[in-house]
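> Sequence plus predicted model, see below.
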Amino acid sequence: MDTQSLQAFIAVADCQSFSRAAETLHLTQPAISKRIAVLEDQLGTRLFDRIGRRITLTEAGRVLHPRAQSILLAVDDSRRALANLNGQVGGRLSLATSHHIGLHRLPPLLKRYTRRHPGVELGLEFLDSEQAYRDVLDGRLEIAVVTLAPEPHEQLDVVPIWTDRMRFVCAADHPLRHAASLTLGELCRHASVLPGPLTFTRTLLRRRLEDEGLTLEAGMSTNYLETLKMMCSVGLGWSLLPDSMIDNGLVKLDVATPPLHRPLGYLVHHDRTLSNAARRMIEELEQARDAGNRATFTEQETTP
């Protein structure tokens, strides 16, 4: 049972397609079919049912799937551990971040990192924070720099780096613009544009509303904060955005509720051996956290 056959098996199972699996692994479809056939021959059982164009796992395939993932993760982990012995910082670093963090937090850090470690091939992906969590858990990613989940996960090491102060906002010509003060209940009676219901940011708001016995169904939603900002600025509804995104096109609303904050940071799987490239990235992130802490302390000292 070789790792190439297992990789092909995982790709077909996840894509539910031989052709899409071939594209994912940059192989031809006949090559994928041959690897699956070799694996089925070695195991003496069929792993996929092929009914028309539909590909589904057999019972044997369902049993093999998590074990194949564990085998590939163990092999990958061993390779990293051995490569780390020479102390060199190189190879590929699989890193994911959210669009907002990638645009507003990471550029200076990534610039420093790539200059200091030119031998690293940075595999940067932009993902929703919730998907990035799943990919770190599955072992597909070494590091994710994203909005942190409201609840800890026992398999992940999660480290806060920054904090977003979240603000209720509306367009400059929105009727709420003239409200001297609002309750959450009054706010909920107006149309809103918000992150998707399963996002960590929406969960933060939902819990605050639940504390006051309120519920809210957003008229429109998207997971991209820049898109929410645009929708809000043209008057489609009020929204909840990081303080750093608010400019002349938006107005902060005075809502009678304690400030909302969302943590941003990085996460890694605590059972995974990190590459030297990943360790150096964590050093950069920790420096960013220390710089932020010093700035906060200085601001507190100078505030009368």
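Alright, I've got the coordinates.
> how far away is the residue nearest to Arg46 when sequence neighbours are not counted from Glu226?
Using C-beta to C-beta, 6 or more residues apart in numbering and skipping the chain neighbours, the partner closest in space to Arg46 is Thr58 (5.3 Å). To be clear about C-beta, it is placed using only N, CA and C from the backbone, and glycine gets the same treatment. Distance, Thr58 to Glu226, by C-beta to C-beta, to the nearest Å: 44 Å.
> surely Val136 meets Val146?
No - taking contacts as C-beta atoms under 8 Å, Val136 lies outside contact range of Val146: 9.3 Å.
> which helices and strands sit right next to whichever strand or helix holds Gly123?
For Gly123, the element it lies in under DSSP states H and E is strand 120-126. If you count contacts as 3 or more C-beta pairs under 8 Å, 6 or more residues apart in numbering; DSSP states H and E, strand 120-126 packs onto strand 91-97, helix 99-104, helix 107-116.
> Out of the ones you listed, which is the most enclosed?
strand 91-97 (a mean of 21; mean count of other C-beta atoms under 10 Å).
> Give the pairing partners of that one; include direction for each.
Counting by DSSP bridges, the strands paired with strand 91-97 are strand 120-126 (parallel), strand 143-147 (parallel).
> Pull the distance from the last one to the chain's centre.
Centre-to-centre, strand 143-147 and its host chain are 5 Å apart (C-alpha atoms, centre = their mean, to the nearest Å).
> Show the subsequent helix or strand relative to that strand.
By DSSP H and E, the next helix or strand past strand 143-147 is strand 156-171.
> as a whole number, average confidence for that following strand?
Here strand 156-171 scores 95 as its mean pLDDT.
> Tell me where the stretch 151-300 of the chain is predicted with low confidence.
Applying pLDDT under 70 to the stretch 151-300 of the chain picks out residues 292-300.
> At which residues are the strands of it located?
Secondary structure of the stretch 151-300 of the chain, counting by DSSP state E, counting those that start in this stretch: strands at 156-171, 193-194, 220-221, 239-242, 250-252, 260-269.
> Would you mind telling me which of these is nearest Ala278?
Closest to Ala278 of the strands of the stretch 151-300 of the chain, according to C-beta to C-beta: strand 260-269, at 7.3 Å.
> Neighbouring strands - and their directions - for that closest one?
Applying DSSP bridges, one finds strand 260-269 paired with strand 143-147 (antiparallel), strand 156-171 (antiparallel).
> and that strand, how far from the chain's centre?
10 Å.
> Give me the contacts around that strand.
101, 105, 132-133, 136-137, 139, 142-148, 155-166, 200-201, 204-205, 208, 240, 242, 274, 278, 282, 285, 289 (C-beta atoms under 8 Å, 6 or more residues apart in numbering).
> Just the buried ones out of the residues you listed, please.
Using 16 or more other C-beta atoms under 10 Å as the burial test, the contacts of strand 260-269 include 101, 105, 132-133, 136, 139, 142-148, 156-159, 161-162, 164, 166, 200-201, 204-205, 208, 240, 242, 274, 278, 282, 285, 289 as buried.
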